[in-house]
Each structure stands twice: as C-alpha cells, then as structure tokens.
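K.L.:
build the 3D model from these lines:
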Amino acid sequence: MRIGITFDLRRDYLNAGYSKEETAELDEPETIEALEEALHSFGYETVRIGNIKNLVRQLAEGQRWDLVFNIAEGLHGLSREAQVPALLDAYAIPYTFSDPLVLSLALHKAATKRIIRDMGIPTPQFKVFQQGDTIEICEFGFPMFVKPVAEGSSKGIGSHSAVQTPEELQAACFMLLANFDQPVLVEQYLPGREFTVGIAGSGNEAKVLGVMEILLNEADWAEGYSYQTKINYLEKVKYRIVTGDLREQCAAVAMQVWRGLGCRDGGRIDLKMDAEGIPNFLEVNPLAGLSPHYSDLPILCQLCGISYSELIRMFVDSALKKIDSGVIL
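P.N.:
Numbering: from 1, shown residues only. Alright, predicted model coming up:
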C-alpha cells in the first residue's frame, strides 16, 4: 500500500518570516521521520507530499495514493485544518483522521461548545467578542479565562488569560483581537483539575487510550497550560495517568463528545473540573500533535505502555476500516 503524508513543516514557514508562535502547531522534521519509520515497519510505502500547495500540484500532475496520512494543520483561515481533507474528498482519496466538517467545527471553540452544550455535556459558560464589540462583563462573573477562539497548541494563552477585573478583561481581549485577528473566547474560569483524554478509532469502535492529568508547577499555575508552558514542559509540567472511578468519569464524557461530534481515527479531548468536581468539556483536538517527544497524545500513550508505532498503527487501521466498508468520503 502506498501512503502519502501531508504536513506543514515548521521551518518552511519560519524561513518565510512567520514567528515561532504563529508556527507553533506545525511539524518538525523529526515528527515526519518518526511517522515514516512507523509506517515502514508495517510494510507500507510512503510518499512525502507536504503542505496543501504541494498536494494541489501533485494532484494536478496525476499523482494518487491508496491512503493519505494527514497531519497538515494549515496556516490561514478559521477552516485551515479542513483544507487538505476537503481537497482529498474532492478526489475521493481516503485519509486518516476527521473530515472537513469536524475539523472546521473543532477549531472554532465557541461553535463546538454550542453543540456540546446542546448535547447536555457540561462546559464552562462563555461569550465571544469580535472586533468592534464593546467588551463588557459577562453574566457568569469573574474570574474568567480569555483565549483566541480558533487556535491550537495553547497559542494566545498566558499570564493575561485568567482575568479578575473589568480592566484585565478589556486589556486581554483587545490584545488578542489585535494579535490574532479573530474573535476572542471568554469562558467562566474553572478552578479544578485538568485532564486530556486520548482516543483511537471511530464511532462504536472508538476507545479511550488513557486519561492523563496535567499538573502545573505552583509557580506556573496562574499562566495555565500556555504556549510557553508547553515549550518548557520538562521544567513546568508533570503528567500523571488517572485510574479508577475518575478515569471512567472522564472517559465517559470524552467518548460522548467524540461520538457526538463524529470524530474519526484518533485525537484528544481536554477536560477540566468545575468547583463541584465535575469534568467539563474544554475543547476537542481531532488533529492532535504527533511529535514522539513533546506532544500530549504520544506522552499519554507512553505512560500507558503504548508505543509510538502502536499508536500510528491504530490510526491507520481505523482509516483502513472506512475503505474496507466502502466509506471514503
């Protein structure tokens, strides 16, 4: 089987003048090498396609693949993660991970939360502010948590995010509106423990790989699980696998989200406890980072005794089941 790999290489965009934070979601060469090594170990032939512009060119030249392993994040627009899958759908080429509808929805945190709320799943109260809006106090009151509505890798999250006063709220919103050119999500602040849940598979065959608690150093608690914290995770963060009743509680919420949104093949769901100890939905990542060294999902799997190659195989096997059943689009 011939598997193409779509990805956005971070250094290409850094060389083009983009900043480190702008390119935080994009991939390092080591990730592509690890992914290829895993696929080769299963006997697959691989072709490095690269970003969407390379994909467009190769499709125009008549190139085709039996499956595309898609980890392309894109760089422009609120639906940037959906661009490669939408193009592959147009050519009826099967690919790993979720379809354009899910990827567009999941990147827009407020749109996702509206659906999650309608499903009856707990999620913090929220409000969205856009350019030109009057920044006003939300009905759920302080403290609040402020972040861009459509970013990953904790971009835009930092010491400014947890706000306690109207002045802090205004300053944070204006700063994010100016720096990220997109709406700002303001959420009710949740004081409890934070978790991420790894999932592999689709529909009724999806399963929870593990539940991992994210433990920040006390000195970094106010900053949250921010972009800077993730960069310095070895010094600032500890990870712990959750077991027992708490694991089952988190797993049940995550699986309800995963199946309810129609996510496919693999990804992560982030949860946080409210003041009553109830896990609330924060966001879903259906195109999770796959660096074998610092991405949350591989870290979670390593702590659960699941190797990187086993993780990749789960994703491919799940995608191949769609082909075998005739479900390509």
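K.L.:
gap between residue 34 and residue 250?
P.N.:
According to C-beta to C-beta, to the nearest Å, residue 34 and residue 250 sit 28 Å apart. All C-beta spots, glycine's among them, are computed from the backbone N, C-alpha and C.
K.L.:
comparing those two, which residue is more hemmed in?
P.N.:
residue 250 (24 against 19; other C-beta atoms under 10 Å).
K.L.:
let's verify that one: helix, strand, or coil?
P.N.:
Counting by DSSP: H, G, I helix; E, B strand; the rest coil, the backbone at residue 250 sits in helix.
K.L.:
what sits closest to it if chain neighbours are left out?
P.N.:
Spatially, and ignoring its direct neighbours in sequence, residue 250 is nearest to residue 211 (4.6 Å; C-beta to C-beta, 6 or more residues apart in numbering).
K.L.:
all strands for the stretch 1-150 of the chain, in order.
P.N.:
In the stretch 1-150 of the chain, the segments counted as strands under DSSP state E, counting those that start in this stretch are 2-6, 45-50, 67-70, 126-129, 144-148.
K.L.:
would you mind finding the most buried of those?
P.N.:
Burial of the strands of the stretch 1-150 of the chain is given as mean neighbour count (mean count of other C-beta atoms under 10 Å); strand 67-70 ranks first at a mean of 25.
K.L.:
what's that strand packed up against?
P.N.:
Contact here means 3 or more C-beta pairs under 8 Å, 6 or more residues apart in numbering; DSSP states H and E; on that basis strand 67-70 packs against strand 2-6, helix 83-90, helix 308-324.
K.L.:
centre of the chain to that strand, how far?
P.N.:
17 Å (C-alpha atoms, centre = their mean, to the nearest Å).
K.L.:
and stretch 55-62, by the same measure?
P.N.:
The chain centre lies 28 Å from the centre of stretch 55-62; the measure is C-alpha atoms, centre = their mean.
K.L.:
so where is the stretch 201-329 of the chain shaky, pLDDT-wise?
P.N.:
Across the stretch 201-329 of the chain, the ranges flagged by pLDDT under 70 are 218-235, 325-329.
K.L.:
with mean pLDDT and distance to residue 118 added, can I get the strands of the stretch 1-150 of the chain in TSV?
P.N.:
Formatted as TSV, the strands of the stretch 1-150 of the chain follow (pLDDT from 0 to 100; distance: least, C-beta to C-beta, whole Å):
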stretch	mean pLDDT	distance to residue 118
strand 2-6	98	32
strand 45-50	98	37
strand 67-70	98	28
strand 126-129	96	14
strand 144-148	95	22
